[in-house]
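Q: Sequence below, structure please.
(one chain, ligands or ions: 1)
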Amino acid sequence: MSQPTIKRLEDLQTMVSLCKRRGIVFQSSEIYGGLGSCWDYGPLGAQLKQNVKRAWWNAMTRREDIVGLDASILMHPQVWKASGHVDGFSDPLVDCKNCKTRFRSDNTPSYIEKKECPNCGSKDLTPPRNFNLMFKTFMGPNEEAANVVYLRPETAQGHFVNFENIQQSSRRKIPFGIAAIGKSFRNEITPGNFIFRTREFEQMEMQYFVKPGTDMDWWQTWKDTRWAFLKKYGLAEADLRFHEHAKEDLAHYALKAGDIEYKFPFGWQELEGIHNRSDFDLTQHAKFSGKKLEYFDEAAKEKYVPFVIETAIGCDRLILAVLCAAYREEITKDEDGKEDVRVVLGFHPEMAPQKVTVLPLSKKAELQVPAMKIRDELAEWFDTGYDDSQSIGKRYRRADEVGTPYCVTVDFETLNDNKVTIRHRDTMKQDRIEISKVVEYVTNGLRNF
Ligand code: ATP
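A: Model (predicted):
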């Protein structure tokens, strides 16, 4: 066999199909025709999502200077007044009077360049009107204006309103950070590109509270730290770039901001924001709540409102980047020149939904019973699969396609020598190992994968 030619993911549709076929992501409410921009994570996708969250959570909260938080989605309506979301979290929308298309005026090239509808080219358009992106609902049994609450459009406000609770209960000294993972909701005008932009999504945000004057250095440190994290989990340096926002594009509260962008199959797009939010949020909440949100530095005997460096990434968006980065097709030709394609999700082992899968060579009970016993033993340590249908070659391919690092094959020889064959996802190298050593083999293997 020749050396394989490697082909990377070229179009998003290939990934969408793989995700559906293999139970990673399904369209929400599919049997009813689906609900726009909502997606469900299937068995392997739910596991992948847990892994992405765990990697982020551990990278944050295992540091001595960061603590975790799990805040509620519904918050006091004043929070969104103070944060600026009620008045300012909107997109400018234009309606085409001819074809009724509604589009954003700030990112539609045909409008920006020629004041034309992107759908039909008409110039008969309404002026831009601001459309708030927050989802509204009512608290309690009365649908009255007084009972309006919002589904949070970001998790960060939970960090700010709990600043004092957390600082005091965990006795943290500045600098320290608060990390949280949770659902956010935005009534996006133009969602799309699969799980890249959705109306319901999960965010992983960390707010790092620092002494004013040290903020620019911390901003740089966090930019470098997050870059290294993304690289560690398989995003190639060549597919990452940093886009620093120009002064005139900065949000009203930001002193410095930029995005780590990833080269998705549909182009360079924001993956994670790194923002210097100054003391804006704590000052605003102090003003609206009437509670002082300050920090007293005992050593220096000085009081101040900390500045905040924020790192904000969408969990679903990171999942998409991890999937795109992991995808490869290995194309080989057999002796007759026939093309053979092996699809592999070459995940970092921490990301792999299953670390190992057990494959009994036959459906006969004499192999199923010991194979299931091995599966159960492995499952005490790892997310473990089991696959007993079709040929062993097809089963290897299925495991490769969902990125399982190891396959453990139980064959008739196993009954005599108490050994199994372990196959490595990337090298396809096989080792014959005693059953009693399998857990140790996989443990060490994953560590050095
Ligand atoms: P965009 O410009 O893409 O709308 P943003 O600048 O509004 O994003 P932030 O408010 O900084 O985004 O949110 C932080 C992160 O949350 C983003 O970098 C992205 O990873 C994620 N995110 C934001 N909106 C969505 C969405 N609608 N769907 C999925 N992830 C999102």
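
Q: Just the element for Val442, please.
A: Val442 belongs to helix 438-447 when elements are defined using DSSP states H and E.

Q: Going by neighbour count, list what's buried in that helix.
A: Residues 438-439, 441-442, 445-446 are the ones in helix 438-447 that count as buried (16 or more other CB atoms under 10 Å). The C-beta positions use only the backbone N, C-alpha and C, and glycine is treated the same way.

Q: Need the residues you listed in CSV (columns: pLDDT and distance to the ligand).
A: Below are the buried residues of helix 438-447 laid out as CSV (pLDDT from 0 to 100; distance: CB to the nearest ligand atom, whole Å):
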residue, pLDDT, distance to the ligand
Val438, 98, 39
Val439, 98, 37
Tyr441, 98, 37
Val442, 98, 33
Gly445, 97, 32
Leu446, 97, 28
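
Q: ok, which stretches of the stretch 301-449 of the chain are strands?
A: 302-304, 307-314, 327-333, 339-345, 356-360, 384-386, 406-410, 419-424, 430-434 (DSSP state E, counting those that start in this stretch).

Q: Show me the beta-bridge partners of the residue in the stretch 201-350 of the chain positioned nearest to the ligand.
A: Proximity of the stretch 201-350 of the chain to the ligand (CB to the nearest ligand atom) peaks at Gly314, 2.9 Å away. Beta-bridge pairing of Gly314 under DSSP bridges involves Gln203.

Q: Was I right to think it contacts Glu202?
A: Yes - in this structure Gly314 lies within contact range of Glu202 using CB atoms under 8 Å: 7.0 Å.

Q: out of these two, which sits in the more crowded spot?
A: Using other CB atoms under 10 Å as the criterion, Gly314 and Glu202 rank with Gly314 on top: 23 against 20.

Q: Pull the contacting residues for that one.
A: By CB atoms under 8 Å, 6 or more residues apart in numbering, the contact list for Gly314 reads 201-204, 271.

Q: Helix or strand for Glu272, just tell me which one.
A: Here Glu272 sits within strand 267-276, counting by DSSP H and E.

Q: Pull out the buried positions in that strand.
A: Residues of strand 267-276 classed as buried: 269-276 (neighbour count, 16+ other CB under 10 Å).

Q: circling back to that earlier point, for the helix holding Val442, name the packing helices and strands.
A: helix 365-379, strand 406-410, strand 419-424 (3 or more CB pairs under 8 Å, 6 or more residues apart in numbering; DSSP states H and E).

Q: then it to CSV, C-alphas only?
A: Listed next in CSV are the C-alpha coordinates belonging to helix 438-447 (Å, rounded to 0.1, in the frame of the first residue of the first chain):
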residue,chain,number,x,y,z
VAL,A,438,-5.3,-3.6,29.2
VAL,A,439,-6.4,-0.8,31.6
GLU,A,440,-2.7,0.1,32.2
TYR,A,441,-1.9,0.0,28.5
VAL,A,442,-4.7,2.3,27.6
THR,A,443,-4.0,4.7,30.5
ASN,A,444,-0.3,5.0,29.5
GLY,A,445,-1.2,5.1,25.9
LEU,A,446,-3.6,8.0,26.3
ARG,A,447,-1.1,10.0,28.3
